[in-house]
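Student: 3D model of this:
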Amino acid sequence: MTTTTTTTTIIAGIAVDLNAEGFFEHPDQWTPEIAEELAKAEGIEKMSDKHWQVVKFMRQEYFAKGTGPTVRMLGKTSGVSVKELYELFPKGPAKVAARIAGIPKPKGCI
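Tutor: So this is what the prediction gives:
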């Protein structure tokens, strides 16, 4: 049996519940201001239009399908190529974008 640890953290002045890996437990707690703060924590100083395109796509896919897309799916369907994804989110596009988008870690991310 696995136990998950949830921590309530204040980001951009809002209390959010994060799991042990820093992913949102409740995606409805997310705001664009939180995304900006999380991006900075990931080393992304300013969210570009392409960053927002990916983040919005991640949220849309999560709410439609119950999980975030993989890097391959992001590259095929978000309008941003896999090469661009790695330029935008160098520490791991699907994982970092999911964290910034306020959704749980996509299946298949390690």
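
Student: low-scoring pLDDT stretches of this protein, where are they?
Tutor: Confidence mapping of the chain against pLDDT under 70 gives the ranges 1-4, 107-110.

Student: ok, which stretches of it are strands?
Tutor: 7-11, 14-18 (DSSP state E).

Student: to Pro106, which of those strands lies closest?
Tutor: The minimum distance between Pro106 and the strands of the chain falls on strand 14-18, with 16.1 Å, by CB to CB. All C-beta spots, glycine's among them, are computed from the backbone N, C-alpha and C.

Student: got a list of contacts for the closest one?
Tutor: 6-10, 24-26, 29-31, 33-34, 102 (CB atoms under 8 Å, 6 or more residues apart in numbering).

Student: can you list the buried residues in it?
Tutor: 16, 18 (16 or more other CB atoms under 10 Å).

Student: how distant is that strand from the center of its chain?
Tutor: Per CA atoms, centre = their mean, to the nearest Å, the displacement of strand 14-18 from the mean C-alpha position of its chain is 14 Å.

Student: what's the separation between Pro90 and Gly102?
Tutor: In this view, Pro90 and Gly102 are 20 Å apart by CB to CB, to the nearest Å.

Student: if we ignore the residues flanking it in sequence, what's nearest Trp30?
Tutor: Gly102 (2.8 Å; CB to CB, 6 or more residues apart in numbering).

Student: center of the protein, which residue is that?
Tutor: Ala98 (1.9 Å; CA atoms, centre = their mean).

Student: with adjacent residues omitted, what lies nearest to it?
Tutor: Nearest non-adjacent residue to Ala98 (CB to CB, 6+ apart): Gly68, at 4.6 Å.

Student: who's in contact with the one you found?
Tutor: Contacts of Gly68 (CB under 8 Å, 6+ apart): 58, 61-62, 94, 97-98, 101, 103-106.
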